[in-house]
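Peer 1: just to be clear, the model below is a prediction. Sequence and coordinates:
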Amino acid sequence: MKDQELEQLVCSELKEIMPNMIWRNDEGEYEVFGRYKIIPQRPGYEVWVHATCAGVFNSTKTAMSWCIADKYRNYNLARQLLNIDNLIGNLNNDIYTRISIANRTKKPQLKEDIETKLETKIIKKKELEQQLTKCVNLAKYLQQRGFNNETARTSRSGSN
């Protein structure tokens, strides 16, 4: 009888904390808030909400930030995270391709033209990375505020 009571207690506690849990399962996937799954892929990280793929991100940090924004219904932030992350990924691919072409060419003028165009792309990438950092920091703030609200609710209910 004790084992059943313990199991019921653990199950009831898990149900209460599941909306705030983040863990990595045996397959290397992240289970997030009992609702999202972040699955490492090559390239990137797929975010699934139940049975629907919400997007592919370049890092777990951005994928996790998207989950937080979605959890707290900040859909504009979630959209910004996905869009900016995708733009950075596209720019990375473009920069890598142009660098490869510049390194292979034997024509000095073509190499110089490519390197000149690369400068503006690298500047644009840095600007996007700064925007992404601001979005990630906002998601961190939302998560921290959510934890503080949960703590406040729990402490108030315990004092009744």
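Peer 2: Okay, I see it. Residues are numbered from 1 along each chain as shown.

Peer 1: the one residue sitting closest to the centre of the chain is in what secondary structure piece?
Peer 2: A centroid search over the chain (CA atoms, centre = their mean) returns residue 63, at 1.6 Å, as the residue closest to the centre. Counting by DSSP states H and E, the element that carries residue 63 is helix 60-71.

Peer 1: excluding its backbone neighbours, what's nearest residue 110?
Peer 2: Setting aside the residues directly before and after it, residue 110 is nearest to residue 102 in space (CB to CB, 6 or more residues apart in numbering), at 7.8 Å. Bear in mind the C-beta positions are built from the backbone N, C-alpha and C, glycine included.

Peer 1: and the angle for the one helix or strand that neighbour maps to with helix 60-71?
Peer 2: Here residue 102 sits within helix 75-104, counting by DSSP H and E. Counting by axes from the mean of the first three to the mean of the last three CA atoms, to 10 degrees, helix 75-104 lies at 160 degrees to helix 60-71.

Peer 1: so where's the longest helix in the chain?
Peer 2: Ordering each helix of the chain by length in residues (DSSP state H) puts helix 108-158 first.

Peer 1: list the helices and strands that helix packs on?
Peer 2: The contact analysis (3 or more CB pairs under 8 Å, 6 or more residues apart in numbering; DSSP states H and E) places helix 108-158 against helix 60-71, helix 75-104.

Peer 1: quick check: angle from the first one to helix 108-158?
Peer 2: This means helix 60-71. Put simply, helix 60-71 runs at 50 degrees to helix 108-158, going by the same axes, to 10 degrees.

Peer 1: point out the other helices and strands that helix 60-71 packs with.
Peer 2: When contacts are defined as 3+ CB pairs under 8 Å, 6+ apart, helix 60-71 packs onto strand 30-32, strand 36-40, strand 45-49, strand 52-57, helix 75-104, helix 108-158.

Peer 1: how about the CA coordinates for it, as CSV?
Peer 2: Output of helix 60-71 as CSV, limited to C-alpha atoms (Å, rounded to 0.1, in the frame of the first residue of the first chain):
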residue,chain,number,x,y,z
THR,A,60,18.7,25.5,-28.6
LYS,A,61,18.8,28.9,-26.9
THR,A,62,16.7,30.4,-29.6
ALA,A,63,14.4,27.4,-29.8
MET,A,64,13.9,27.5,-26.0
SER,A,65,13.3,31.2,-26.1
TRP,A,66,10.6,30.6,-28.7
CYS,A,67,8.9,28.0,-26.4
ILE,A,68,9.0,30.5,-23.6
ALA,A,69,7.4,33.3,-25.7
ASP,A,70,4.7,30.9,-27.0
LYS,A,71,4.0,29.7,-23.4
